[in-house]
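Asker: Attaching a predicted model along with its sequence, questions to come.
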Amino acid sequence: MSDESPESRAAASDAENAEAEHESVDTDAAANGEVDPDSGAAGAAADEEIPDVASRVADYDDDLADEVAALESRVAEAESDLEAKAERVEELESALKRSKADFKNYKKRAKKREDEIRERATEDFVGRVVSVRDNLVRALDQDEDADIRPGIESTLEEFDRILEDENVTTIDPEPGAAVDPMRHEVMMRVDDEQPEGTVVDVYQPGYEMAGSVLREAQVTVSTGESDS
């Protein structure tokens, strides 16, 4: 037999009944969709946090879009600068080519001018020298002194060698040769058996240098009528 008193057994029975009733109430509350106040507060806090996260994500997206747009703008500006610099480089290269061409043409003109000056200077010098040669020729024609002829002939030969070195040739047409107005100066017309308009005699020979006439040959020309 148990030692518990009737009062103790009654109290224990009441406690068990109360616990069972409490569990029954919790079960009914759950079945009816009722929530504990603490549990409901946590859910509300979670619901409030979701829009806040979405807002931060949207702000981040906006910031990222602004940054991308700024980078695209900088890239476009850099590309524009590169195009401008490329155009400038092309302009400078074109200017350099023109300068080189101008300088090359200048050198050609300067060389041509230098050659022309040198040629004219040589022509002037030769023009004065040939007069001395003419005097030597006349001296040989007129002086019969055997003692001086060898010296004059030697001097004349030296003159001719110098003139030949300078590409100077005499203009000394043969009788009957056609008159060349560019190389012959007609001094007079004479009756002669040579054809009309041809050379009869050379009064003074002319000279030309590299195709350029330094002095025309002075000639007499036939009228085509013989005086016989």
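Answerer: Cool, got the structure. What you see is a predicted model, and the numbers here were worked out from it, not measured in a lab. Residues are numbered from 1 along each chain as shown.
Asker: helix or strand right after the helix or strand of the chain with the lowest mean pLDDT?
Answerer: When each helix and strand of the chain is scored by mean pLDDT, DSSP states H and E, helix 6-31 comes last, with a mean of 52. With elements assigned by DSSP states H and E, the helix or strand that comes after helix 6-31 is helix 37-142.
Asker: Quick check: the residue nearest the centre of the chain vs residue 78, distance?
Answerer: Per CA atoms, centre = their mean, the C-alpha nearest to the average position across the chain is that of residue 97, at 2.6 Å. As judged by CB to CB, to the nearest Å, residue 97 and residue 78 stand 29 Å apart. C-beta: built from backbone N, CA, C; applies to glycine.
Asker: Tabulate the CA atom coordinates of stretch 75-82 in PDB.
Answerer: Output of stretch 75-82 as PDB, limited to C-alpha atoms (Å, rounded to 0.1, in the frame of the first residue of the first chain):
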ATOM      1  CA  VAL A  75      36.800  55.300 -73.000                       C
ATOM      2  CA  ALA A  76      34.900  57.300 -75.700                       C
ATOM      3  CA  GLU A  77      37.000  60.400 -74.800                       C
ATOM      4  CA  ALA A  78      40.200  58.400 -74.900                       C
ATOM      5  CA  GLU A  79      39.300  57.000 -78.300                       C
ATOM      6  CA  SER A  80      38.500  60.600 -79.500                       C
ATOM      7  CA  ASP A  81      41.900  61.800 -78.300                       C
ATOM      8  CA  LEU A  82      43.600  58.900 -80.100                       C
END
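Asker: how distant is it from the center of its chain?
Answerer: Distance of stretch 75-82 from the chain centroid (CA atoms, centre = their mean, to the nearest Å) equals 26 Å.
Asker: who touches it?
Answerer: By CB atoms under 8 Å, 6 or more residues apart in numbering, no residue outside stretch 75-82 reaches it.
Asker: Per-residue pLDDT of residue 223, please?
Answerer: In the predicted model, residue 223 carries a pLDDT score of 89.
Asker: can you check residue 191 too?
Answerer: 89.
Asker: Neighbours of it, how many?
Answerer: 13 (other CB atoms under 10 Å).
Asker: quick one, what contacts it?
Answerer: Here residue 191 is in contact with 222, 223, 225, 226, 227 (CB under 8 Å, 6+ apart).
Asker: quick one: which of these sit in strands?
Answerer: residue 222 (DSSP state E).
Asker: farthest pair in the contacts of residue 191?
Answerer: 222 and 227 (10.7 Å; CB to CB).
Asker: Most neighbours among the contacts of residue 191, please name it.
Answerer: When neighbours are counted by other CB under 10 Å, residue 222 leads the contacts of residue 191 with 22 neighbours.
Asker: correct me, but it touches residue 200?
Answerer: Yes. If you go by CB atoms under 8 Å, residue 222 and residue 200 touch, sitting 4.9 Å apart.
Asker: Look up the residues that both of these two are in contact with.
Answerer: 190, 192, 194.
Asker: What subset of the residues you listed is buried?
Answerer: 192, 194 (16 or more other CB atoms under 10 Å).
Asker: Can you pick out the ones from the shared contacts of residue 222 and residue 200 that are in strands?
Answerer: Those of the shared contacts of residue 222 and residue 200 lying in strands (DSSP E): residue 190.
Asker: follow-up on the earlier one: pLDDT at the residue nearest to the centre of the chain, what is it?
Answerer: Residue 97 is assigned a predicted lDDT (pLDDT) of 91.
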